[in-house]
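> Could you look at this predicted model? Sequence included:
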Amino acid sequence: MAVEPCAENQSVGREERIELFRLVLLQRLFEERVTALYRQGRVPGSVYTGRGQEAVAAGAGLALGPDDVVAPLNRELACHFARGVEPADVFRNFFGKATGPTAGRDGNMHFGYPGDGIFPLVSMLGDLVPVVTGAALAFKRRRQPRVAMTFLGEGAFSVGDTHEGLNLAAVWKVPVVFVIQSNRYSYSTPVARQMVNTNISQRVFGGWSIHSERVDGTDAISVLATVRAAVERARDGGGPQAVEALSVRMHGHAAHDDARYVPAGMREEFAERFDPPARLAARLALDGLSAGEIDAVREDVSDEIAAGLAEAERAPAPDPATLEHGVYAAPPRSSVG
Ligand SMILES: Cc1ncc(C[n+]2csc(CCOP(=O)(O)OP(=O)(O)O)c2C)c(N)n1
Ligand SMILES: [Mg+2]
């Protein structure tokens, strides 16, 4: 079976399509590299990747304006990249380097740039829902035309904080966008064993009257168009918005999980037709980009990752004398190391 090109959507122009392709590839190739390093024993902790759902992170990330804020989860690296985070800095975090965003306190994805509108990841499922709802409440009270966004998976819908946050967002009518990653599993639990009505978009509308739409989460162009419309509705006073992006998690929960619980052939079949970077490349080819132009984007991304890795490898390890610094409150970066 052949790959399905991304659907035609006139609201996303040529430059944005190329940027989406770059972002999706950046996440894909970065995660392949960091997984290989993990298997070589060069990355402590574990590695969680978003293979199969990069288009959601890229499209939603690009849909935000410069003054908006976002709280990505650990499968949304393309969203960080869309906001200008450099691969070198993410590598520095995975390596636990002194000059990385957590100064070596975390070797994973619990980092952020609050000053640049990227909130650090809170691992407890659902907890970012009230956090971004609070940020959106602040924007509303200050009458600022800003929007807050977070991502959440099916797992968050089994946690009370999610329901409390969604309820308050609706009651307060704040400018927040919830991007729901429906990738069929929560760790090893198939969604149908977690909830009776697996149409989360319908539940969000039925439960809280939050405007909600479903989108093909493997089609970055559709994601960008749908989430951008949601962001603008939120910005224009339309209250909270939800977009449920449908995809398949193309690997286990983390690098240690071989996902034996997934039915044989499901992911292979999905990858053949719906692999996000292949879908974008097929659309770009239909748009008239030559194979050479498409390959040039791949090469640029690959070079950027190689350069970022080399830079991060040269970065210093934390000084043991600073062990207790910033554990409870982050010191300014210049004072670390
Ligand atoms: C409150 C809470 N309970 C349990 C966990 C452990 N945990 C981490 S990820 C995960 C599954 C998440 O599933 P989903 O939200 O569908 O995200 P996905 O892994 O599919 O990206 C679980 C149970 C957690 N992080 N927080
Ligand atoms: Mg899931």
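Arrived safely, thanks for sending. Ligands and ions are numbered 1, 2, ... in the order given.

> can you pull the contacts of residue 297?
Going by CB atoms under 8 Å, 6 or more residues apart in numbering, residue 297 touches 18, 21, 22, 25. (C-beta placed from N, C-alpha, C; glycine too.)

> Repeat the analysis, applying 6 Å as the threshold.
For residue 297, the contact set (CB atoms under 6 Å, 6 or more residues apart in numbering) comprises 21, 22.

> Which residue is the nearest non-sequential neighbour of the spatially most central residue of the chain?
Nearest to the mean C-alpha position of the chain, by CA atoms, centre = their mean, lies residue 76 at 1.9 Å. Spatially, and ignoring its direct neighbours in sequence, residue 76 is nearest to residue 57 (3.8 Å; CB to CB, 6 or more residues apart in numbering).

> Contacts only, for that neighbour.
Counting by CB under 6 Å, 6+ apart, residue 57 makes contact with 76, 78, 79.

> please redo it, this time with the cut-off set to 8 Å
Taking CB under 8 Å, 6+ apart as the criterion, residue 57 is in contact with 23, 27, 50, 72, 75, 76, 77, 78, 79, 82, 151.

> pLDDT wise, what is the third one at?
So that's residue 50. What the model reports as pLDDT for residue 50 is 95.

> Also residue 57?
98.

> check which helix or strand covers it.
Per DSSP states H and E, residue 57 falls inside helix 54-63.

> C-terminal to that helix, which secondary structure element comes first?
Going down the chain from helix 54-63, the next helix or strand is strand 69-71, by DSSP H and E.

> So which bits of that following strand are buried?
Using 16 or more other CB atoms under 10 Å as the test for burial, strand 69-71 gives 69, 70, 71.

> same thing with stretch 310-319?
Buried residues in stretch 310-319, counted by 16+ other CB under 10 Å: 311, 312, 315, 318.

> Now do it: distance from first to last residue.
21 Å (CA to CA, to the nearest Å).

> so how far is it off the chain centroid?
From the chain centre to the centre of stretch 310-319 is a distance of 25 Å (CA atoms, centre = their mean, to the nearest Å).

> what does stretch 152-165 give?
Worked out by CA atoms, centre = their mean, stretch 152-165 lies 17 Å from the chain centre.

> re the thing from before, how much space between the residue nearest to the centre of the chain and residue 29?
Separation of residue 76 from residue 29 (CB to CB, to the nearest Å) stands at 16 Å.

> Pull the number of nearby residues for residue 323.
By other CB atoms under 10 Å, the residues close to residue 323 number 11.

> Ramachandran angles for it?
phi -50, psi -40 (degrees, to the nearest 10).

> residues near residue 4, how many?
Neighbours of residue 4 under the rule other CB under 10 Å: 17.

> in the protein, what secondary structure element scores lowest on mean pLDDT?
Ranked by mean pLDDT, DSSP states H and E, the helix or strand of the chain with the weakest confidence is helix 266-274, at a mean of 90.

> Quick check: buried residues in whatever helix or strand comes next after that one?
Going down the chain from helix 266-274, the next helix or strand is helix 276-286, by DSSP H and E. By 16+ other CB under 10 Å, the buried positions in helix 276-286 come out as 276, 277, 278, 279, 280, 281, 282, 283, 284.

> Let me see the contact set for the fifth one.
Read it as residue 280. Counting by CB under 8 Å, 6+ apart, residue 280 touches 6, 17, 20, 21, 24, 55, 220, 221.

> any idea which element the last one lies in?
To tie it back to what came earlier, the one meant is residue 221. Following DSSP H and E, the helix or strand that holds residue 221 is helix 220-233.

> just checking, what packs against that helix?
With contacts defined as 3 or more CB pairs under 8 Å, 6 or more residues apart in numbering; DSSP states H and E, the packing partners of helix 220-233 are helix 14-39, helix 54-63, strand 176-182, strand 211-216, strand 241-246, helix 276-286.

> who touches that helix?
Counting by CB under 8 Å, 6+ apart, helix 220-233 makes contact with 6-7, 9, 11-12, 16-17, 20-21, 23-24, 54-56, 58-60, 62-65, 68, 147, 149, 177, 179, 211, 213, 215-217, 241-243, 245, 276, 279-280, 283, all of which sit outside it.
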